[in-house]
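Trainee: pasting the sequence and the predicted model now:
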Amino acid sequence: MKVTRKLSILLAIALLLQIGLPAAGWTLNQSAVTAAPAGPVAVSLSPADNLTGVPLGANLILTFDEAVRAGASTSYISIYKSSNNSLVEAISATSGQVSISSNTVTINPTLASTNYKFELNTEYYVMIDAGAFLNVSNGAAYSGIQNATRWNFRTVVTEDTVRPTYVSRTPEGGTHAITTSLSITFSEAVYAASGNIVLSSTDDMRYIPVTASSVTGSGTNTISIIPDGALMPSTTYTVTVAGDNFEDASGNTFAGMSWSFTTAAAPVNLSSTDPFQPADNAILVPIDSNLTIRFDQAVQRSAGKSIEIRRVSDNAVVETIVANSSRVTLSEGNTVATIDPVSNLASSTAYYVIIEPGAFTRPSPNTSDWFYGISAATIWNFTTGYGNDVTPPGLTGVTPTFGGTASGTNTLLTLTFNEEVYPNTGNIEIRQYNGGTLFRSIPITSPRVTGGGTKQITVDPNKYISSSDPAKSFVNNTRYYVTIGNRAIRDGAGNFYAGISSTTGWTFTVTQDGTRPMLSSLTPANGATAVPVQSQFAALFDKPVMTGPGAITFNPANSSGSAVSVTGSFSVDPANNKRILITPSQPLAANTNYYVNIEENAVLDLVGNSFVGILNTYQWTFQTIGGDTTPPTITRSEVSGSIIRLIYNEPLKADLKPSPASYYVTVAGAPRNVTAVKVEGNIVALTLASSVGSNQKVVLSYTKPATGLVQDMSGNEAATITNLEVSNGSTGTVPVVSSGTAYGNTVNLNFSESLFSVNTFAYTQFTVTVGGASYSPTAIWHSGNIIQLTVNASITSSQPVYVSYTPNSYPLLGVSGNTVSAFSNYTVNAGNTGGGTVGDYFAPTVVNITANGTLVSVKYNEPLNSSTAPAIYQYSVTADGSARTISNVIVAGDTVYLTLTSGVATTQQILVSYIATNATLKDYSGNSAASFTNITANSGTGTGTGQTGALRGAILKGRTLTLTFNETLNQVSVPSSSTFVVRINNLVRTISTVQVAGSAVILTLSSPANVGESATVSYLPTGVGLVTLGGQSVASFTNANVANQTTLLDNLTGDYEASDGGGIAIKYTGATTTADTSPAGVSASRYTVSNDKFIAAG
């Protein structure tokens, strides 16, 4: 239907016809249509019953006595021709053609069969099904219209196609009052349709909807428009009426027009002298001041008009005062208005005043002559004084922070206060913390101090003043303290800042980062094989890094072959700014040994220190896929719950999906369906339709299809398996966090077993709390049993850090087939709070107990204080009811390790009990673990639930060689130094000590390695060896390549540091200090460096 079919038009037509058009030949016979009791009643119809001359584009409108809603979709409004009772259109009550607004229903027929409008001079009637509309109050149904005579009408004889035109319009030209209204007289009755009438000037733009209450006269020849508020004085306005604003009863739109007029000067104005008190832009205004405004003539106050006092900082209305209220008085012949705010204004606050147009007018009878008012925030504004402020200014922050660090020797000092402050008299002194040597004594009125009159004072201790007071830099790696006199800084009310007198109140250390970024790990690891020819490589560093101008290249180890060097493009990993991702510019050659070179300036830390690079052929080597022709073989099989794990002797292609139909499994002789197969790492995990009991025999067979989908990284297919008896571990233990670390913007969690691949959105399930503030991680990284979370925080070792995990759409799954359970407030860092971890009032609880050989491990849900280890007598262990003697108790991390004098068998039932005391087995918050009795331990089955720990990488720095494994190691099982063989430049180097920490083994060599020397390490266990927390022995390895990251500094004492631009600097601690006098007669320190310091550095 046309836009002319509008409720407002037809209601106006009906109204017009009722009051003034019977003589024109239209007849009106309006009658109320009744409804069933308690149902809605139609009180009017449009077009009215028996109405003639109805426009061809009319809508049908029912007005009820109460609010209604649509009934069933099977109820219809039907329109018929009276001449032959033919159905013109049936409209469902729930159709989009039916709109309901409270008690008014508008029906918009499409009339597609008659050119989308009613036919000329044709009579129609309307039928409505009962229940088409229901009342909102109780759902009672409208009885409908079932009589053809109840609602009928006849359309116009001749269709009106002539547009309405305007006859006159006001105001136009000349000068007109600022309160003038607009009027348009048309050639015929018109109706408000849609859009806006635009009233515009250079500084004033108003959009007036034609359906607004300020636009009247719809349905008549004259439309009146009353602008909202007074117009601007002495201003030319343009009125624009659009073509869609008005239309006549037949839907013919007015063509539109525009005209202009000019307003007269405002009849009431401000006085030309001192119109405001306090004056515009006044400061230090008393907080209890009244506001006065002076006019150029006598005025009177108006009802319904207001005066507002607003705050500049946020435009908030502080107080609204009605102009004719008792708080506004007139004086001096009614030319001065005094405004008395209800409450005092706030001190040291900026305000502005808004006065509504017409709030003041000429006296009666000329009240239509208005004061234009104040509508802008810049006309009358002022700032209050300090009032009765007796509170001294408070310090809200400093930089460098209290006890913090400054990253440069020319750093600025800032003090931020809770209010504006001003310099007074006194000094700011900066002294070295050790010895109290004066660095600067700066008068508060010195050019080195800026920011008076604001909330922040900035001190530039390094600034040049004169030749006798030159520039001066802080000394690197030196601690300073600041003192400030108690009369040096004041607020505007004269209250003095208390100052800083203590030598420990504001201390900071100047330290320029001269430490190069160091490698933490390489992917693939040094010495890796079967590396895909189109792999992405990664290097992880110990700090955030960025890319530099240097190059990274992949070089074939055999220069006489056909393979060529390939450059790599590299960038910072968007998920971890400590990792560089490297992609070869073209595929590498198959079955080829490569080494990676990284130029010195290819990788930089965020302050520009460059990574030393890899410029040797040993540190990062690998072999591409293609040389391996041996199929993978199963080294171990195990089942726990509903998961069977087939552990192969090498990594498998995880992107291949073997079919469950290739496997056949029996449990206790009965077939058991395989519902899913997943490949990850060197494991094929089968999911069974139901769990396996602890004593049931499990047999598995696998038929390799034509193209086997269990393949190693070289594409060799695993062979068919026939009747493999799977070891029944019956492990119900869920993976748990065994340890964790947090520093910088990363949190590392070590789990008790390796995890399957995690979803990239799994970080959304974690919450990290740092020093009481909660953070949502922004990224996650996973490798083996390690999860690394990235957070937007800067974590220090002194801050308590807790991690919570709530699984949702991306749960973590261990290779045992068990999901990681939710945990909350796992303590990663206990922090230096002195009183324990803030907010931890919960005792540690047992997560699980495992027994393997002579070792029983009692794992808790949080780290335990190793100094609170229980005595041996507090534990008891029985095997099949027989007590076992305990020889030792050790607390490490979150686990208590019990050493038995004799081992336990895999088939025995192991029960563990503990008797608690208030003084033993506490967490870092001092909460004691509770007693427990006869908890059953999982004694293992020989196959175990853990994986054999695999070496991930080895890094050598000076005399320290760190071996990193793919899972956490048992800190109780420490092999002797003879178990390891380290070769430096192919010569055996003696090992002094062996230390196990987390997933790392730290070997201390008898003498340090030199820069650039090659290194290998072998592990050949004979007696006590490395054991994972899962109880598995770490397999031996020989001649694993070691990344030698030794620098000159690694082999020197603490008297040396890296020098700016390279080289080595001798610290002042490496010299003998004596008091002396400079040639200028100034007291100074003389530093004497002995020859041996230069020889050592050389």
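Mentor: Now that the structure is in, tell me what you want to look at. Treat the numbers as computed from the prediction; the structure is a model and nothing was measured.

Trainee: state the mean pLDDT of stretch 89-107.
Mentor: Taken as a whole, stretch 89-107 has a mean pLDDT of 94.

Trainee: low-confidence ranges in the stretch 701-850 of the chain?
Mentor: Within the stretch 701-850 of the chain, the stretches falling below the threshold (pLDDT under 70) are 729-734, 797-798, 816-817, 829-842.

Trainee: show me where it has its strands.
Mentor: Counting by DSSP state E, counting those that start in this stretch, the stretch 701-850 of the chain forms strands over residues 721-728, 737-751, 766-770, 773-775, 779-783, 786-795, 801-805, 823-829, 846-852, given from the N-terminal end onward.

Trainee: next, format the ones you listed as a markdown table and append distance to Asn344 and mean neighbour count.
Mentor: From N, CA and C alone the C-beta is placed, and that goes for glycine too. Output for these, formatted as a markdown table (distance: least, CB to CB, whole Å; neighbours: other CB atoms under 10 Å):
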| stretch | distance to Asn344 | mean neighbour count |
| --- | --- | --- |
| strand 721-728 | 83 | 15 |
| strand 737-751 | 49 | 21 |
| strand 766-770 | 43 | 21 |
| strand 773-775 | 38 | 13 |
| strand 779-783 | 53 | 19 |
| strand 786-795 | 43 | 20 |
| strand 801-805 | 47 | 22 |
| strand 823-829 | 48 | 19 |
| strand 846-852 | 63 | 22 |
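
Trainee: among the ones you listed, which comes closest to Ala919?
Mentor: Each of the strands of the stretch 701-850 of the chain was scored for nearness to Ala919 using CB to CB, and the closest is strand 846-852 (19.2 Å).

Trainee: check which helices and strands that closest one is in contact with.
Mentor: For strand 846-852, the packing partners by 3 or more CB pairs under 8 Å, 6 or more residues apart in numbering; DSSP states H and E come out as strand 855-860, strand 910-914, strand 932-937.

Trainee: what distance separates the start and the end of stretch 525-532?
Mentor: End-to-end distance for stretch 525-532: 13 Å, by CA to CA, to the nearest Å.

Trainee: how far is it from where the chain is centred?
Mentor: Distance of stretch 525-532 from its chain centroid, counting by CA atoms, centre = their mean, to the nearest Å, is 37 Å.

Trainee: need the contact partners of it.
Mentor: Contact with stretch 525-532 is made by 524, 588, 619-625, 627-628, 650-651, 712-714, 951-954, 1040-1043, as judged by CB atoms under 8 Å, 6 or more residues apart in numbering.

Trainee: please enumerate the strands of the stretch 851-1000 of the chain.
Mentor: Secondary structure of the stretch 851-1000 of the chain (DSSP E, counting those that start in this stretch): strands at 855-860, 875-879, 882-884, 886-892, 895-900, 910-914, 932-937, 951-957, 960-965, 980-984, 987-989, 991-997, 1000-1005.

Trainee: may I see these organised as JSON lines, with mean neighbour count and mean pLDDT added?
Mentor: As requested, the strands of the stretch 851-1000 of the chain are exported to JSON lines (neighbours: other CB atoms under 10 Å; pLDDT from 0 to 100):
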{"stretch": "strand 855-860", "mean neighbour count": "22", "mean pLDDT": "85"}
{"stretch": "strand 875-879", "mean neighbour count": "18", "mean pLDDT": "89"}
{"stretch": "strand 882-884", "mean neighbour count": "13", "mean pLDDT": "85"}
{"stretch": "strand 886-892", "mean neighbour count": "17", "mean pLDDT": "83"}
{"stretch": "strand 895-900", "mean neighbour count": "22", "mean pLDDT": "86"}
{"stretch": "strand 910-914", "mean neighbour count": "20", "mean pLDDT": "87"}
{"stretch": "strand 932-937", "mean neighbour count": "14", "mean pLDDT": "78"}
{"stretch": "strand 951-957", "mean neighbour count": "22", "mean pLDDT": "79"}
{"stretch": "strand 960-965", "mean neighbour count": "20", "mean pLDDT": "84"}
{"stretch": "strand 980-984", "mean neighbour count": "18", "mean pLDDT": "90"}
{"stretch": "strand 987-989", "mean neighbour count": "13", "mean pLDDT": "82"}
{"stretch": "strand 991-997", "mean neighbour count": "15", "mean pLDDT": "84"}
{"stretch": "strand 1000-1005", "mean neighbour count": "18", "mean pLDDT": "88"}
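
Trainee: for those, which one sits closest to Ser640?
Mentor: With distances scored as CB to CB, the stretch of the strands of the stretch 851-1000 of the chain nearest to Ser640 is strand 932-937 (15.5 Å).

Trainee: kindly calculate the angle that that closest one makes with strand 846-852.
Mentor: Angle, strand 932-937 to strand 846-852, by axes from the mean of the first three to the mean of the last three CA atoms, to 10 degrees: 60 degrees.

Trainee: quick one on the thing from earlier: make JSON lines out of the strands of the stretch 701-850 of the chain and add distance to Leu1003.
Mentor: Shown next, in JSON lines, are these (distance: least, CB to CB, whole Å):
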{"stretch": "strand 721-728", "distance to Leu1003": "34"}
{"stretch": "strand 737-751", "distance to Leu1003": "21"}
{"stretch": "strand 766-770", "distance to Leu1003": "33"}
{"stretch": "strand 773-775", "distance to Leu1003": "37"}
{"stretch": "strand 779-783", "distance to Leu1003": "23"}
{"stretch": "strand 786-795", "distance to Leu1003": "22"}
{"stretch": "strand 801-805", "distance to Leu1003": "29"}
{"stretch": "strand 823-829", "distance to Leu1003": "27"}
{"stretch": "strand 846-852", "distance to Leu1003": "25"}
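
Trainee: buried among the contacts of stretch 525-532? Make that a ChimeraX selection.
Mentor: Filtering these down to the buried ones (16 or more other CB atoms under 10 Å) takes a single ChimeraX command:
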select :524,588,619,620,621,622,623,624,625,628,650,651,712,713,714,951,952,953,954,1040,1041,1042,1043
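
Trainee: quick one: which of the contacts of stretch 525-532 sit in strands?
Mentor: The strands, defined by DSSP state E, take in 621-624, 951-954, 1040-1041, 1043 from the contacts of stretch 525-532.

Trainee: ok, these vs Pro975, which is closest?
Mentor: After measuring the ones in strands among the contacts of stretch 525-532 against Pro975 - CB to CB - the closest member comes out as Leu951, at 14.1 Å.

Trainee: tabulate the helices and strands packed on strand 846-852 in a markdown table, adding columns for distance to Val677.
Mentor: Below are the helices and strands packed on strand 846-852 laid out as a markdown table (distance: least, CB to CB, whole Å):
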| stretch | distance to Val677 |
| --- | --- |
| strand 855-860 | 31 |
| strand 910-914 | 34 |
| strand 932-937 | 32 |
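
Trainee: hmm, back to that, save the strands of the stretch 851-1000 of the chain as a markdown table, and put in distance to Ala377 too.
Mentor: Output for those, formatted as a markdown table (distance: least, CB to CB, whole Å):
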| stretch | distance to Ala377 |
| --- | --- |
| strand 855-860 | 63 |
| strand 875-879 | 77 |
| strand 882-884 | 85 |
| strand 886-892 | 67 |
| strand 895-900 | 67 |
| strand 910-914 | 73 |
| strand 932-937 | 71 |
| strand 951-957 | 64 |
| strand 960-965 | 64 |
| strand 980-984 | 77 |
| strand 987-989 | 78 |
| strand 991-997 | 65 |
| strand 1000-1005 | 65 |
